[in-house]
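Trainee: output the structure for:
(one chain, ligands or ions: 1)
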Amino acid sequence: MTAASPVHGQALERLLQPTRAAAIDSAAGTGPPEWLVSGRWRVLAQPRFAGMHGTEIERFDLASGQTVGAVHDTAAGSVWIPFDLEEAYANYVTEAWRSRARDRALGPWQLAAYYRVKPLLPRSWWLLARRAFVRWSGLPAFPVWPLDDSVFRLVSFYAHCVLLAADVPEATFRWFWPRGYRAALVLTHDVESADGLRVAIELADLEESRGFRSSFNIVGSDYPIDDGVVRELQERGFEIGLHGLHHDRSLFSSRTAFVEQLPEVADAARRLGAEGFRSPSTHRVIEWLPELGVSYDCSVPHSDPYEPQPGGCCSVWPYFLGGVVELPYTLPQDYTLFTLLGSKSIELWLSQVEAIERRFGLVQCLSHPDPGYLGDRDKRVLYAEFLEAVADRSDVWRPLPREVAAWWRRRDSADPADPELALGVMRRREAHTYASLEPPAR
Ligand SMILES: [Zn+2]
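Mentor: Model (predicted):
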């Protein structure tokens, strides 16, 4: 982790907030970060070698063929980790791992060329080209798509070490969601055109009739914004977010461009009453996101190999980037599922919801009201089917994205007497499966 990292040095501890103190010796080695591999789990961190003696609780392989072990000294009641747990966490959620991965992302020049040529060729041509590219390049080994367990595993491993070091079979930690909800689900939409903004009302009707509210992220100055539609959505309890000033990569194309656009971004957010931001086509420079001056950002995927800037934070939980709450989107985008992969069913979305609920995370659905997306009747029917299928999950909290951001801040700093807070239980299990996390009774 460099000094410029937007992730707090104790971010993993802030995420779990165990109520039991434990002696865990976890620190970075002196060499460069590299992959430490244990089975199907991989951690990017600076390994260290001078260990202590005791019972080995986990072993990690390095590319050099060497191995390093995490060790439990039962006599001293402490656990020694061959890397810094916090560094490993930060390297996932800041996508720092991209510097160590074989990247199939387009470079800056290729992206610039793409945006120059894009308007010249029809949509159908681009769809065929992207499908061919997906088939040719295949899925990356990391992050696993559609769900990557790296951060979940790191948190379970950390909990396991806390329990071992404290020599207790179970302990409590600060539960993730208010009032003991098992998981959270938010619906978000990016509005790409004036046509999309008109269909937004139809989507709002669909959602409202099933007890949902969602957010609509609007582009600041690319298309005429119908203030009547914006007002109606807000009055009906929907949220308006900002989807950049222009739908291109100009904001993140250079540091100069970013600094130049910032005042206009702030103006547009104020005009729309937006507390949240999603970058156009999820272009991002993670280190700059804290400067956006918004309450939350939702541009970082959990795992998305299909975007022009592929990647992922591997986390099913929100996290802090400086003072901004990052809400990772965790379902495959509507375009990916229904258009690129040509799926005629919502099966993948539903299995992903189940998987995230089992990990007590945030389900965030990203779709578009525009033609070619949910603006098409057949896709809107599938979306309605999805809403029906998730509407009756009483254990899942269904807030607006800005409410999740507010909750995440409250949870982070709340005093333990806060009536919304609950305690989860982490319980020791067999070696290698680490600790289980269990929700509070509701
Ligand atoms: Zn967009």
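
Trainee: please count neighbours and contacts with C-alpha atoms only from this point.
Mentor: Will do.

Trainee: dig out what the nearest residue to Glu170 once chain neighbours are set aside forms beta bridges with.
Mentor: With CA to CA, 6 or more residues apart in numbering as the criterion, Glu170 has its nearest non-adjacent residue at 4.4 Å, and that residue is Arg427. Following DSSP bridges, Arg427 is listed with bridge partners Glu170, Ser436.

Trainee: what's around Arg427, how many residues?
Mentor: The number of residues packed near Arg427 is 19, by other CA atoms under 10 Å.

Trainee: if I look at it, how far off is Asp227?
Mentor: Separation of Arg427 from Asp227 (CA to CA, to the nearest Å): 52 Å.

Trainee: and what of Ala384?
Mentor: To Asp227, Ala384 is 26 Å away according to CA to CA.

Trainee: could you give the mean pLDDT of stretch 121-138?
Mentor: Averaged across stretch 121-138, pLDDT comes to 75.

Trainee: oh, that last question was meant for stretch 395-402, not what I typed.
Mentor: Mean predicted confidence for stretch 395-402 is 98.

Trainee: now stretch 152-169
Mentor: Summarised as a single mean, pLDDT over stretch 152-169 is 96.

Trainee: buried residues in it, which are they?
Mentor: Of all the residues in stretch 152-169, those buried under the rule 16 or more other CA atoms under 10 Å are 152-166.

Trainee: what does stretch 208-225 give?
Mentor: Phe212, Arg213, Ser214, Ser215, Phe216, Asn217, Ile218, Val219, Gly220, Ile225.

Trainee: show me what contacts the fourth one?
Mentor: It refers to Ser215. Leu187, Thr188, His189, Phe238, Glu239, Ile240, Gly241, Leu400, Pro401 (CA atoms under 8 Å, 6 or more residues apart in numbering).

Trainee: skip the chain neighbours and tell me the closest residue to it.
Mentor: Glu239 (4.3 Å).

Trainee: Asp195 and Asp376: what is the separation?
Mentor: Going from Asp195 to Asp376 by CA to CA gives 12 Å.

Trainee: next, show the common contact partners of those two.
Mentor: Among the neighbours of Asp195, those also in contact with Asp376 (CA under 8 Å, 6+ apart) are Asp370.

Trainee: what about the residue lying closest to Ala384 once chain neighbours are set aside, neighbour count?
Mentor: Among residues not flanking Ala384 along the chain, Leu206 sits closest, at 6.7 Å (CA to CA, 6+ apart). Here the number of neighbours of Leu206 (other CA under 10 Å) works out to 19.

Trainee: check the protein and tell me which residue is nearest its centre.
Mentor: When CA atoms, centre = their mean is applied to the chain, the residue found nearest the centroid is Pro328 (2.3 Å).

Trainee: hang on, it packs against Asp304?
Mentor: No - contact between Pro328 and Asp304 fails when scored by CA atoms under 8 Å: they sit 10.7 Å apart.

Trainee: among Ala384 and Asp227, which residue is more densely surrounded?
Mentor: Ala384 (15 against 10).

Trainee: correct me if wrong, but the more buried one is in a strand.
Mentor: No - the assignment for Ala384 by DSSP: H, G, I helix; E, B strand; the rest coil gives helix, which leaves it out of any strand.

Trainee: where's it relative to Gln364, distance?
Mentor: Remark: distance between Ala384 and Gln364 (CA to CA) = 16 Å.

Trainee: the residue sitting furthest away from the middle of the chain sits in which helix or strand?
Mentor: Distance from the C-alpha centroid of the chain peaks at Ala75, with 39.7 Å (CA atoms, centre = their mean). Assigned by DSSP states H and E, Ala75 falls within no helix or strand.
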